[in-house]
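S.K.: Pasting a predicted model and its sequence here:
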Amino acid sequence: MRFDILTLFPHMFSSPLRESIVGKAIEKGLIQIRTINIRDFAFDKHQVVDDTPYGGGQGMVMKVEPIARAIEWVKSQNPSAWTIYLTPQGKQFNQNICQKLSSRSHLILLCGRYEGVDERARELFVDEEISIGDYVLTGGELAAMVIIDAVSRLLPGVLGSDRSAEEDSFFNSLLEYPQYTLPFDFRGRSVPEVLLSGNHSAISLWRRREALKRTLVRRPDLLDKANLSDEEKKLLDDILQESKTDKSGDGV
Ligand code: 4HQ
């Protein structure tokens, strides 16, 4: 899979995408990430990429021509590349959108700065607008990195072969169960005994129960969407029954 990032700050991407799992995926040739400096497509003497907004108001707007040339240059290499603009006005990124994007072979990520891009750049060149959440960033760069990171780990071979993306949280719409490693006892808090039992079915049952509990308390909205098995529905019933007779008052 290929990612082309259109940005005024290409250096922002070097270290975050070179480390760890995404870095390894690049080394293995599973993904290719290229940064394209929009300024290189501003053909005037001073390579101007922004200007004041028509109608007045504060800030600067990114000019349409350099963006148009940059996107058309990428598209001349691959007409089927899919162009995404990162903006709080887009649909909110989630694991479902992430999966859909992971089936594409080439994404162009357009990162805006200042007050964003000229509306005509969106109308003419953008296929999809995505937000990573309801807060304001100084630019789309960090949002693009979030998308590249989350999409890359879904691609075959990116996570170790012993670890599939299908096992983790949000694939089944539940939060993860608690994890422990050595030491057994830390300041009087010990690891739940069942995890030392070697009884794999008991461990798996405990984990599903804890995942359900945690989801019920922290993200009950996820349970509505979760496709719970009959066994999980029964477990959830148990947990709810338990919380009714629990006098501690903390729910589960
Ligand atoms: N920005 N999700 C404004 C974001 C953002 C977000 C990117 C700030 C675009 C012009 N992008 N620029 N939230 O806050 O994606």
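M.R.: Here it is on my side, so go on. Residues are numbered from 1 along each chain as shown.
S.K.: From now on I want contacts and neighbour counts done on CA atoms only, so please keep to that.
M.R.: Noted.
S.K.: where do the strands sit along the stretch 1-150 of the chain?
M.R.: Per DSSP state E, counting those that start in this stretch, the stretch 1-150 of the chain carries strands over the ranges 2-7, 32-37, 50-51, 61-62, 82-92, 106-110, 128-131.
S.K.: wait, which of those is closest to E176?
M.R.: Nearest to E176 among the strands of the stretch 1-150 of the chain is strand 82-92; the distance by C-alpha to C-alpha comes to 21.7 Å.
S.K.: Go through the closest one and flag the buried ones.
M.R.: Neighbour-count burial for strand 82-92 flags W82, T83, I84, Y85, L86, T87, P88 (criterion: 16 or more other C-alpha atoms under 10 Å).
S.K.: what are the pairing partners of it, and which direction each?
M.R.: In the sheet, strand 82-92 lines up against strand 106-110 (parallel), strand 128-131 (parallel) (DSSP bridges).
S.K.: Return the most buried member of those strands.
M.R.: Among the strands paired with strand 82-92, ranked by average contacts under mean count of other C-alpha atoms under 10 Å, first place goes to strand 106-110 (a mean of 25).
S.K.: Export only the CA atoms of it, formatted as PDB.
M.R.: Extracted in PDB, the C-alpha atoms of strand 106-110 (Å, rounded to 0.1, in the frame of the first residue of the first chain):
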ATOM      1  CA  HIS A 106      -3.000   4.100  -2.800                       C
ATOM      2  CA  LEU A 107      -4.100   7.000  -0.500                       C
ATOM      3  CA  ILE A 108      -3.300  10.700  -0.900                       C
ATOM      4  CA  LEU A 109      -3.500  12.500   2.400                       C
ATOM      5  CA  LEU A 110      -3.900  16.300   2.000                       C
END
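S.K.: show me what contacts the closest residue to Y135 other than its chain neighbours?
M.R.: Leaving aside its chain neighbours, Y135 sits nearest to P88 (7.3 Å; criterion: C-alpha to C-alpha, 6 or more residues apart in numbering). Contact partners of P88, counting by C-alpha atoms under 8 Å, 6 or more residues apart in numbering, are I130, S131, I132, G133, D134, Y135, V136.
S.K.: Mind putting these into TSV with pLDDT and distance to G188?
M.R.: What follows is these, written out as TSV (pLDDT from 0 to 100; distance: C-alpha to C-alpha, whole Å):
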residue	pLDDT	distance to G188
I130	99	46
S131	98	43
I132	98	40
G133	98	39
D134	98	40
Y135	98	40
V136	98	42
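S.K.: Kindly identify which of the residues you listed also come near the ligand.
M.R.: Among those, the residues that sit close to the ligand (C-alpha under 6 Å from any ligand atom) are S131, I132, G133, D134, Y135, V136.
S.K.: With adjacent residues omitted, what lies nearest to the third one?
M.R.: Think G133. Leaving aside its sequence neighbours, G133 sits nearest to Q92 (C-alpha to C-alpha, 6+ apart; 6.1 Å).
S.K.: For R214, find the nearest of the strands of the stretch 1-150 of the chain.
M.R.: Of all these, strand 82-92 sits nearest to R214, with 23.5 Å by C-alpha to C-alpha.
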